[in-house]
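1. Model the structure of this input:
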Amino acid sequence: MLGDIGTLVLQGAMISAIYALIAIGFTMIFGVGGILNLAHGALIMAGAYIFGILVRETTVSWIALHPAIAFPVTVVAVAVLSWGLYQVLVRWVEDNVVITFLATVVVAVASTELVIYLFGDTPMGMTLISGALNLEPFGINARPRYVQFAGFVVSWIAIGLLWFYITKTDDGRSILAASMSERGAQLTGVDLHSVRAKTWLIAGALAGIAGIFLGSTGSATPLMWLNPLALAFIIVVIGGIGSIKGSVVAAYFIGFLEQFTVTFVGQGFRGILSLVVLAIFLLYLPQGLYGREFVHD
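-> Reported below is the predicted structural model:
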């Protein structure tokens, strides 16, 4: 029993860290621009595939990079892709919620088809950090991989840097101001277009990090973005749309809930309790844990 609890705590903490990265980017874009970015999942997939291409000699032998170099290159590449998506497409249609929603859906589906065309539907394996830690001598029935520990550490470094940027810099405070009230932000001289572009850049970077760790702990597949995107939606609703703190809290709640289900109920019921909790929040607490009333734009 104690071994199962240890496994629950360890595995839950590590997967929740990645969930937090995914949900923060998703909620930031909605909080600032009111956009449900369904292309966010495609950016996660892009992170996994770009990293896999850069580190695998079997893909392009002359371009194979050390994982320590490929990691920041991938994060920057996905951030630029996200920024480019906003500049080229979203900024021109963002005033129409329905068209923007459909546009991001089209981008997600088109990205999937492109990946299938280029790489097929065979999973692409990759390695960021090899090796695993045997915790059975300590009574924990798990052999967590070093890449999972790395994901936990990197996630909290990224969250800490984002918190510092949002709360301690004038540039970051403009994002916070825009998420609270667009009209109020404009009255204080905030350039909304610039703020939204920066938000998409940051969200892309977080998606890239999440994609790397998801691909390294499992593998990259054309449909790997579906489950993370669904989880991001659940987490954002529970935490409160637009709340970074809420996304982190809800990500850990959902992560531990899923791990509890896997450990004590079974793998086949992994997402059932999360859906039940989502339904409860939609019925009785639709604003989420840290949600706020929408102010006049």
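2. which ones are touching the residue nearest to L282 when sequence neighbours are not counted?
-> Once flanking residues are discounted, L282 sits nearest to V237: 6.8 Å by Cβ to Cβ, 6 or more residues apart in numbering. Yep, even glycine has a C-beta here, placed from its N, CA and C like the rest. Contacts for V237 (Cβ atoms under 8 Å, 6 or more residues apart in numbering) come out as L278, F281, L282, P286, G288.
3. list the buried ones in the host helix or strand of A68?
-> Assigned by DSSP states H and E, A68 belongs to helix 67-85. Residues of helix 67-85 classed as buried: P67, A70, F71, T74, V75, A77, V78, A79, L81, S82, W83, L85 (neighbour count, 16 or more other Cβ atoms under 10 Å).
4. helices or strands next to the helix or strand following it in the packing?
-> Downstream of helix 67-85, the next assigned helix or strand under DSSP H and E is helix 91-93. Contact here means 3 or more Cβ pairs under 8 Å, 6 or more residues apart in numbering; DSSP states H and E; on that basis helix 91-93 packs against helix 97-119, helix 192-217.
5. so what does the last one touch, helix or strand wise?
-> It refers to helix 192-217. By 3+ Cβ pairs under 8 Å, 6+ apart, helix 192-217 packs against helix 2-33, helix 40-55, helix 67-85, helix 91-93, helix 146-168, helix 170-180, helix 182-187.
6. next one: the shortest one
-> Based on contacts counted as 3+ Cβ pairs under 8 Å, 6+ apart, the elements that helix 97-119 packs against are helix 40-55, helix 91-93.
7. Just say which of those is most tucked in.
-> helix 40-55 (a mean of 27; mean count of other Cβ atoms under 10 Å).
8. Please compute how far that helix lies from its chain's middle.
-> With Cα atoms, centre = their mean, to the nearest Å as the basis, helix 40-55 stands 12 Å off its chain's centre.
9. Could you do stretch 35-54 as well?
-> Centre-to-centre, stretch 35-54 and its host chain are 9 Å apart (Cα atoms, centre = their mean).
10. Also stretch 151-161?
-> Relative to its parent chain, stretch 151-161 has a centroid offset of 12 Å by Cα atoms, centre = their mean.
11. Just want the angle from the helix holding A68 to helix 146-168.
-> 50 degrees (axes from the mean of the first three to the mean of the last three Cα atoms, to 10 degrees).
12. Now tell me what touches helix 67-85 from outside.
-> Helix 67-85 has contacts (Cβ under 8 Å, 6+ apart) with 39, 43, 46-47, 50-51, 54-55, 65, 107, 127-129, 197, 200-205, 207-209, 211-212.
13. how about the helices and strands packed on helix 192-217, which one is nearest Q267?
-> helix 2-33 (12.4 Å; Cβ to Cβ).
14. angle of the closest one against helix 97-119?
-> 120 degrees.
15. how about the helix or strand in which the residue nearest to L282 is found: buried residues?
-> For V237, the host element (DSSP H and E) is helix 226-239. Going by neighbour count (16+ other Cβ under 10 Å), the buried part of helix 226-239 is P228, L229, L231, A232, F233, I234, I235, V236, V237, I238, G239.
16. Next: stretch 29-39.
-> I29, F30, G31, V32, G33, G34, I35, L36, N37, L38, A39.
17. Find me the pLDDT at L187, would you?
-> Looking at L187, its pLDDT is 67.
18. Where does the prediction get shaky in the stretch 101-250 of the chain?
-> For the stretch 101-250 of the chain, the stretches flagged by pLDDT under 70 are 135-142, 185, 187.
19. redo that, cut-off 80
-> 132-144, 179-190, 242 (pLDDT under 80).
20. hmm, back to that, let me have the helices and strands packed on helix 192-217 in JSON lines, extended by distance to S216.
-> As requested, the helices and strands packed on helix 192-217 are exported to JSON lines (distance: least, Cβ to Cβ, whole Å):
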{"stretch": "helix 2-33", "distance to S216": "11"}
{"stretch": "helix 40-55", "distance to S216": "8"}
{"stretch": "helix 67-85", "distance to S216": "9"}
{"stretch": "helix 91-93", "distance to S216": "33"}
{"stretch": "helix 146-168", "distance to S216": "5"}
{"stretch": "helix 170-180", "distance to S216": "29"}
{"stretch": "helix 182-187", "distance to S216": "38"}
